[in-house]
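Peer 1: Got a sequence here, can you model it:
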Amino acid sequence: MSLRLPRIYAITDRNASGGLAPSAAAERLLRVGIRCVQVRDKAAADRDLLPEVEAVARLAREMEVRIGRGSGAHVL
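Peer 2: Purely as a prediction, here's the structure:
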């Protein structure tokens, strides 16, 4: 399966966003028109990141946006 990415592909990063939660960063990105977001928090365990990813997935579904998680091609 081939995944075609748009020209602008945003990646959430808690450190780069000044400590902003991945879900809050993703929401900001989606609201300004970004249509492909990867949710990432290298310091978080998967079980801790899951609620963030679920929140972004809900918002993404509402806005018809693709999201990804981690270094793999996990598109929700």
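Peer 1: contacts, neighbours, all on C-alpha from now
Peer 2: Fine.
Peer 1: Any idea which helix or strand in this protein has the lowest mean pLDDT?
Peer 2: strand 74-75 (a mean of 43; mean pLDDT, DSSP states H and E).
Peer 1: so how far is residue 18 from residue 60?
Peer 2: 23 Å (Cα to Cα, to the nearest Å).
Peer 1: Compare the two and say which is more crowded by neighbours.
Peer 2: Between residue 60 and residue 18, counting by other Cα atoms under 10 Å, residue 60 is the more crowded of the two (20 against 8).
Peer 1: which secondary structure element contains that one?
Peer 2: helix 46-63 (DSSP states H and E).
Peer 1: could you dump that helix to CSV, C-alpha only?
Peer 2: What follows is helix 46-63, C-alpha atoms only, in CSV (Å, rounded to 0.1, in the frame of the first residue of the first chain):
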residue,chain,number,x,y,z
ASP,A,46,2.3,4.4,24.1
ARG,A,47,-0.3,3.9,26.9
ASP,A,48,0.2,7.6,27.9
LEU,A,49,0.1,8.8,24.3
LEU,A,50,-3.0,6.8,23.4
PRO,A,51,-5.6,9.3,24.9
GLU,A,52,-3.9,12.1,23.0
VAL,A,53,-4.0,10.2,19.7
GLU,A,54,-7.7,9.3,20.3
ALA,A,55,-8.5,12.9,20.9
VAL,A,56,-6.8,13.9,17.7
ALA,A,57,-8.5,11.0,15.8
ARG,A,58,-11.9,12.3,16.9
LEU,A,59,-11.1,15.8,15.7
ALA,A,60,-9.6,14.5,12.5
ARG,A,61,-12.6,12.4,11.6
GLU,A,62,-14.8,15.5,12.2
MET,A,63,-12.6,17.6,9.9
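Peer 1: Cool, thanks, signing off.
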